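**Q** I need the structure of the sequence given here:
(chains A and B, ligands or ions: 1)
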Amino acid sequence: MFNYLKLIICPFLTFSLSTVFFTDAPENWQLGFQDPATPIMEGIINLHHDLMYFICVIFIFVSWMLSRTLWHFEKTQNIVPSTLTHGTLIEIIWTITPACILLVIAIPSFSLLYAMDEIISPAITIKTLGHQWYWSYEYSDYLNEEGESIIYDSYMIPEEDLISGQLRLLEVDNRMIVPVNTHIRIIVSAADVLHSWAIPSLGIKCDAIPGRLNQTSMFVKREGVYYGQCSEICGINHGFMPIVVEAVKLPNYITWISNKLSE
Amino acid sequence: MSEVTIQVRTAPRDRRFPTQNQTNHCWARYIEFHACAKAKGEDDPECEKFKRWYMSLCPAEWVEKWDTLKEEGRFPGPE
Ligand SMILES: [Cu+2]
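**A** Model prediction:
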């Protein structure tokens, strides 16, 4: 859903309605998805819409059958009870039909599943480690002259330090920076207990398990700032270790990396 | 500030590790580097790439721990 509210509020936009705003963070009372920024999230949303078709048809059919049965076979309307206990034909029909529906649903579902598993030879590896209670990021594809790689922690900004326009419980001090239109390998692990690294707009949710390296891939299609949260209960401050990914153009990413390296 | 040339490259996909679990990928690259270093010497360009790859894949904490174990002669893998 585009953020229509921002379109109404922001006075500049009354002049240029062609400007599109994406929601890459949750909104109050939100029911739908955040806007997709990766092909995987687009796939997830499409699968959801495909499945909604079947869900609606089944829901309407079952409700109709149920209410009809309750109405017509109620004791005042139908004094003589039926002695029918089974019917082979109807049982074959109501077994085969759901099986066929499941088979049809399996096609887009599996193709999405395997698409998510596919790691196209990546250009960048970024490691993300869950800690109690913050995330840390490691960019070890590049080393500086001392042979050190880029490692930093990402803590939530407490409410009293927020500046106007920042999101409560979602903003961090050091964002994860990624380039757009690049195949990125994300390695997720944890240093102490289970965590889960999740960003709705990027269609990523990957468990962070101590002693295990989980791999997932990411291909961000547009620049932006994407918000997520730890999604595996990990202790008292589980709700206070958000994730922020900032997608920038590749040259800007390289500049950022070289600045970080020479720090 | 010194100028560093950045090459956008990383550990390639490895057919031995086709699944989501890449723990053994990191471990194998670490072992491969040390096997190579033993045969050809640490600074051999052939070995350098294994080092780059295990650095890319393994968390820094793991590498530090394994290096320490190696120094102490307690490394639980092929020397
Ligand atoms: Cu958590």
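
**Q** phi, psi of the spatially most central residue of chain A?
**A** The residue at the geometric middle of chain A, judged as the C-alpha nearest the mean C-alpha position with CA atoms, centre = their mean, is residue A:200 (2.7 Å). The main-chain torsion angles of residue A:200 are listed as degrees, to the nearest 10 and equal phi -60, psi -50.

**Q** nearest residue to it other than its sequence neighbours?
**A** Nearest residue to residue A:200, sequence neighbours excluded (CB to CB, 6 or more residues apart in numbering or on different chains): residue A:34, at 4.6 Å. For the C-beta atoms, the positions are set from N, CA and C on the backbone; glycine is no exception.

**Q** and for that neighbour, the neighbour number?
**A** 24 (other CB atoms under 10 Å in any protein chain shown).

**Q** give me the mean pLDDT for the strand or helix carrying residue A:59.
**A** Secondary structure from DSSP states H and E places residue A:59 in helix A:39-72. For helix A:39-72, the mean per-residue pLDDT is 95.

**Q** quick one: buried residues of it?
**A** Taking 16 or more other CB atoms under 10 Å in any protein chain shown as the neighbour-count basis, helix A:39-72 is seen to contain the buried residues A:40-41, A:43-45, A:47, A:50.

**Q** between those residues, which is nearest residue A:138?
**A** residue A:40 (22.9 Å; CB to CB).

**Q** and that closest one, what is it in contact with?
**A** Contact criterion CB atoms under 8 Å, 6 or more residues apart in numbering or on different chains gives A:112, A:115-116, A:202-204, A:219 as the residues in contact with residue A:40.

**Q** before we move on, back to that, wait, is the residue nearest to residue A:200 part of a helix?
**A** No - the secondary structure assignment for residue A:34 gives coil rather than a helix, going by DSSP: H, G, I helix; E, B strand; the rest coil.

**Q** ok, it touching residue A:198?
**A** No - between residue A:34 and residue A:198 there is no contact under CB atoms under 8 Å: 11.6 Å.

**Q** chain B versus residue A:61, what's the distance?
**A** Using CB to the nearest CB, to the nearest Å, we find residue A:61 at a distance of 38 Å from chain B.

**Q** one more: residue A:210?
**A** Computed with CB to the nearest CB, the distance linking residue A:210 and chain B is 10 Å.

**Q** spatially nearest residue to that residue (excluding sequence neighbours)?
**A** Distance criterion CB to CB, 6+ apart; nearest residue to residue A:210, sequence neighbours excluded, is residue A:190 at 4.7 Å.

**Q** and the residue of chain B found nearest the ion, how many residues sit next to it?
**A** When distances are taken as CB to the ion, chain B approaches the ion most closely through residue B:59, which lies 18.2 Å from it. A count of neighbours around residue B:59, defined by other CB under 10 Å, yields 21.

**Q** identify the residues contacting it.
**A** With contacts taken as CB under 8 Å, 6+ apart, residue B:59 has the following neighbours: A:127, A:129, A:138, A:187, A:189, A:191, A:213.

**Q** what would those residues look like in a markdown table with pLDDT, neighbour count and secondary structure?
**A** Output for the contacts of residue B:59, formatted as a markdown table (pLDDT from 0 to 100; neighbours: other CB atoms under 10 Å in any protein chain shown; DSSP: H, G, I helix; E, B strand; the rest coil):
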| residue | pLDDT | neighbour count | secondary structure |
| --- | --- | --- | --- |
| A:127 | 95 | 23 | strand |
| A:129 | 96 | 25 | strand |
| A:138 | 94 | 22 | strand |
| A:187 | 95 | 26 | strand |
| A:189 | 96 | 27 | strand |
| A:191 | 94 | 15 | coil |
| A:213 | 96 | 24 | coil |
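
**Q** return the member of these nearest to residue B:67.
**A** Checking the contacts of residue B:59 one by one against residue B:67 (CB to CB), the nearest turns out to be residue A:138, at 16.0 Å.

**Q** now do the same contact list for the closest one.
**A** By CB under 8 Å, 6+ apart, the contact set of residue A:138 is A:126-129, A:149-151, B:59-60.

**Q** inside helices: which ones of these?
**A** Restricting the contacts of residue A:138 to those inside helices, with DSSP state H as the criterion, leaves residue B:60.

**Q** how about stretch A:25-37 as PDB, C-alpha atoms only?
**A** Taking Å, rounded to 0.1, in the frame of the first residue of the first chain, the C-alpha atoms of stretch A:25-37 are listed here in PDB:
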ATOM      1  CA  ALA A  25       8.200   0.500   8.000                       C
ATOM      2  CA  PRO A  26       5.000  -0.500   9.800                       C
ATOM      3  CA  GLU A  27       2.100   1.900  10.100                       C
ATOM      4  CA  ASN A  28      -0.600   2.200  12.800                       C
ATOM      5  CA  TRP A  29      -3.400  -0.400  12.400                       C
ATOM      6  CA  GLN A  30      -1.800  -1.800   9.300                       C
ATOM      7  CA  LEU A  31      -3.400  -4.900   7.900                       C
ATOM      8  CA  GLY A  32      -1.600  -5.300   4.500                       C
ATOM      9  CA  PHE A  33       2.000  -5.800   3.500                       C
ATOM     10  CA  GLN A  34       4.700  -3.200   3.500                       C
ATOM     11  CA  ASP A  35       5.900  -2.200   0.000                       C
ATOM     12  CA  PRO A  36       8.200  -4.800  -1.600                       C
ATOM     13  CA  ALA A  37      11.700  -3.900  -2.500                       C
END
